[in-house]
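>>> Quick check, what structure comes out for this input:
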Amino acid sequence: MSPSFTAPEASHAYVLDEVRRADRDRFLGALFAPMPARAGLLALLAFDHELARTRSVTREPMLARIRLEWWREAVAEATGTGKPRGQPVAEALAETARRHGLARDALTALIDAREEEIEGPLDVVRTGHALADLQLAVLGAGDEASRRAARAVSAAWLMGEGPERDALLVEARALRDRVSPDALPVLLPALSLGGMAPWRKPLAYWWAARTRRY
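Next comes the predicted model:
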């Protein structure tokens, strides 16, 4: 196991602010995880956001690949034994990876999935599954029902409205009585896919977490 690493408080604050701004619905879900898993979920969401930004940061495929290669190197450092590079998301990711034993291959799987978007459509199933698996590892929810439900919600999150997304949400909700309570922080955002008013979401998430009716 890699030696532990503690990210600076400034890096955690940056990650929290970035996820709250860019991904508020999944940010709300992460708040229902206990510490330090909550910080780990936020680090993963910030990492995913950085990867997703690649296509908007540059439209030049070569530059996009260079950017993703930077993150591959950052992941290698994060899961290694030395000090990670001094970038807030990379530092928070390093703390998360080492604390929860996240494998380098599991983190690079998310990068590989996002790379497909450079010159073609995003494989939402592959990308959603890669992120869900990382999130469940941080939460310590390894049962099959939680895995299936989290993967379904994560893939649905990347889709537009339509029958395919609806089918994934039905699949995830059919498992409500079997999923681990520990997995709820990554399942609660399913509520936001129904067009709920923003002001209702905090209370709706709270009630869903109590009743496990995501």
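
>>> Now the terminal residues of stretch 168-178, how far apart.
16 Å (Cα to Cα, to the nearest Å).

>>> i'd like the first residue to be 233 from this point on
All set: I'll call the first residue 233, so the last point we hit is now stretch 400-410.

>>> Show me which positions of that stretch end up buried.
Buried residues in stretch 400-410, counted by 16 or more other Cβ atoms under 10 Å: Leu400, Leu401, Glu403, Ala404, Arg405, Leu407, Arg408. From N, CA and C alone the C-beta is placed, and that goes for glycine too.

>>> With distance to Ala242 and secondary structure as extra columns, can I get those in CSV?
As requested, the buried residues of stretch 400-410 are arranged in CSV below (distance: Cβ to Cβ, whole Å; DSSP: H, G, I helix; E, B strand; the rest coil):
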residue, distance to Ala242, secondary structure
Leu400, 37, helix
Leu401, 38, helix
Glu403, 40, helix
Ala404, 36, helix
Arg405, 39, helix
Leu407, 39, coil
Arg408, 39, coil
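
>>> Any regions of this structure where pLDDT drops low?
Counting by pLDDT under 70, the chain contains low-confidence ranges at 233.

>>> can you map out the helices along the protein?
241-254, 256-262, 269-284, 286-289, 293-310, 320-332, 336-347, 356-371, 376-389, 395-405, 416-419, 433-443 (DSSP state H).

>>> For Pro235, which of those is the nearest?
Smallest distance to Pro235 across the helices of the chain (Cβ to Cβ): 7.1 Å, for helix 320-332.

>>> packing partners for that closest one?
helix 241-254, helix 269-284, helix 293-310, helix 356-371 (3 or more Cβ pairs under 8 Å, 6 or more residues apart in numbering; DSSP states H and E).

>>> ok and that helix relative to helix 269-284, angle-wise?
Between the axes of helix 320-332 and helix 269-284, defined by axes from the mean of the first three to the mean of the last three Cα atoms, to 10 degrees, the angle is 130 degrees.

>>> From Asp257, how far off is the most centrally placed residue in the chain?
Nearest to the geometric centre of the chain sits Leu277, at 4.1 Å (Cα atoms, centre = their mean). For Leu277, the distance to Asp257 equals 10 Å [Cβ to Cβ, to the nearest Å].

>>> same check, this time on Leu263
Distance of Leu263 to Asp257, given as Cβ to Cβ: 11 Å.

>>> likewise Met267?
For Met267, the distance to Asp257 - Cβ to Cβ - is 20 Å.

>>> between those two, which one's more packed in?
Relative neighbour count places Asp257 above the other of Met267 and Asp257, with 17 against 7, counting by other Cβ atoms under 10 Å.

>>> how near is that one to Arg299?
Separation of Asp257 from Arg299 (Cβ to Cβ) stands at 26 Å.

>>> same question, Ile343
Taken as Cβ to Cβ, the span from Ile343 to Arg299 is 10 Å.
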